Every structure is written in C-alpha cells, then in structure tokens.
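> Pasting a predicted model and its sequence here:
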Amino acid sequence: MSCLLLIKHSLPEIQEHIPAREWHLSEEGRLQCQQLAALIKPYLIQRVITSVEPKAVETGHIIAEQLDCPFSIEVGLHEHDRTNEPFLSREEFETKVQSFFETPSMVVMGRESAGQALSRFQTAVDDVVDLCAGENLAIVSHGTVISLFAARYGKLNAFLLWKQLDLPSFIVFSMPEKQIVKLIPSLQEAKSEIEE
C-alpha cells in the first residue's frame, strides 16, 4: 500500500497588486518548507509533484531537495481559477469562498465552479497517481482544490476544512482507495504530535 500527501503550499509574500497565482514564497515560507520536509520524511516520499504556480513550485522544490527525491511540475493541479477577481479583504474573500463551496454547480467566484475545479484537479491527481503507480507521492497544490478533493473522499465539509488548513499543511491518503489516514492542518499541530 502506498500513500499520497496533498500539501498546501507554504507562506507566500502577499502582494495586493499582483494576482495570487503569481505570488512567490516569503522568507518565512521558505524556512517553513524545511520544517515541513522533516515532518513528512517518515512517509518515505519517492516523488514530489507541484502545480504550475510559483508558491507551489518553490514549496515542492525545497521539499524535494531536502528529501533527495525527483521533482516535477504538472498541469491541472493549480488553484481554483479566480484570475478575474480583485484583491479582497479577508472577510469578503471568506464570504465568497463559502458561497463557492455551497453552490458547487455555479460559477460564483472566478472562472470555475467548485464542481469544475474539483473535476479538473481530480483528473490531474489521478493522472499523476497512474503514472507513478505504487510510489509514495507528495503533491503540492492549493487550499481550495485540496479541500474539495479531501471533502469528496473523506466526507468532510469542504469550507470548514478550507478554513482549517494553514500555510503549509498536509493530508495523508492511503492509496489506491484514497482514504484519509491523517490530517495535519498546521506545522504547529504536526510538531505537537511528535512531542507527545
């Protein structure tokens, strides 16, 4: 039995005048990646795959270097497409995201509905898993699509999961059945588990 880790990228440098899909990691985010790599080392990851977005690519590249394993970038693993959305306050953004999760068949934010984003992300994940059959994989992606995927297989509330996932965080699935075996919503929680 192999495992799949879906990792929410590390902390980016927020620049309001640049679309979020173009953000890069902050200095703190790069440091967090090293801590994250140490925390996922026990899963014996054999390959790291990321979305095309810089913050995910940088997260995955640092993790792969730390774990001394191959690294690649794949299309279809990117965040829900909201390139047409302006920068919003946290409260406005959360309200829109909640509506996005609650009405999965409608485009209420950005250019994709929740259903469309999940279908695209799930296809990309399945393609990667098929290509690397039997390997322990880490896919570095984004909070909204990870929440949609995990909610489908873990019978969770996608919006509440999305709110819970910190930067970075990860969910461990046993493969091939895609059963959630561990949810680590923050680095702090992962460290607490190790110390206990």
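Noted; the coordinates are in hand.
> helices and strands of the protein: which one has the lowest mean pLDDT?
helix 187-195 (a mean of 71; mean pLDDT, DSSP states H and E).
> Low-confidence ranges, the protein, go.
191-196 (pLDDT under 70).
> quick one, strands of this protein?
Per DSSP state E, the chain carries strands over the ranges 2-8, 47-50, 71-73, 137-141, 169-175, 179-184.
> most tightly surrounded among the ones you listed?
strand 137-141 (a mean of 27; mean count of other CB atoms under 10 Å). Every residue, glycine included, has its C-beta placed from N, CA and C.
> So what are the sheet partners of that one and their directions?
strand 2-8 (parallel), strand 47-50 (parallel) (DSSP bridges).
> Can you point out the buried residues in the helix ranked longest in the chain?
In the chain, with assignment by DSSP state H, the single longest helix is helix 114-131. Neighbour-count burial for helix 114-131, counted by 16 or more other CB atoms under 10 Å, picks out 114, 116, 117, 118, 120, 121, 122, 124, 125, 128, 129.
> out of those residues, who's nearest residue 170?
Relative to residue 170, the closest of the buried residues of helix 114-131 is residue 125; by CB to CB it sits at 14.2 Å.
> List the contacts of that closest one.
Residue 125 is in contact with 4, 6, 77, 139, 149, counting by CB atoms under 8 Å, 6 or more residues apart in numbering.
> same question, residue 188
residue 166.
> With residue 139 instead?
The contact partners of residue 139, by CB under 8 Å, 6+ apart, come to 4, 5, 6, 7, 48, 49, 50, 77, 125, 128.
> can you pull the contacts of the first one?
Residues in contact with residue 4 (CB under 8 Å, 6+ apart) are 125, 129, 136, 137, 138, 139, 172, 173, 175, 178.
> same deal with residue 6?
125, 139, 141, 146, 149, 150, 170, 171, 173.
> Can you tell me which of those residues is nearest residue 83?
Using CB to CB, the contacts of residue 6 come closest to residue 83 at residue 141, 16.5 Å.
> what's across from that closest one in the sheet?
Following DSSP bridges, residue 141 is listed with bridge partners residue 8.
> I'd guessed it sits against residue 120; true?
No. Residue 141 sits out of contact with residue 120 when judged by CB atoms under 8 Å, with a separation of 11.5 Å.
> Can you tell me how far the closest residue in space to residue 184 that isn't next to it in sequence is from residue 154?
Nearest in space to residue 184, with sequence neighbours left out and distances taken as CB to CB, 6 or more residues apart in numbering, is residue 190 at 4.6 Å. Noted for residue 190: a distance of 18 Å to residue 154, by CB to CB, to the nearest Å.
> Ok, residue 27 next?
33 Å.
> Over to residue 165?
Between residue 165 and residue 154 the computed distance is 13 Å (CB to CB).
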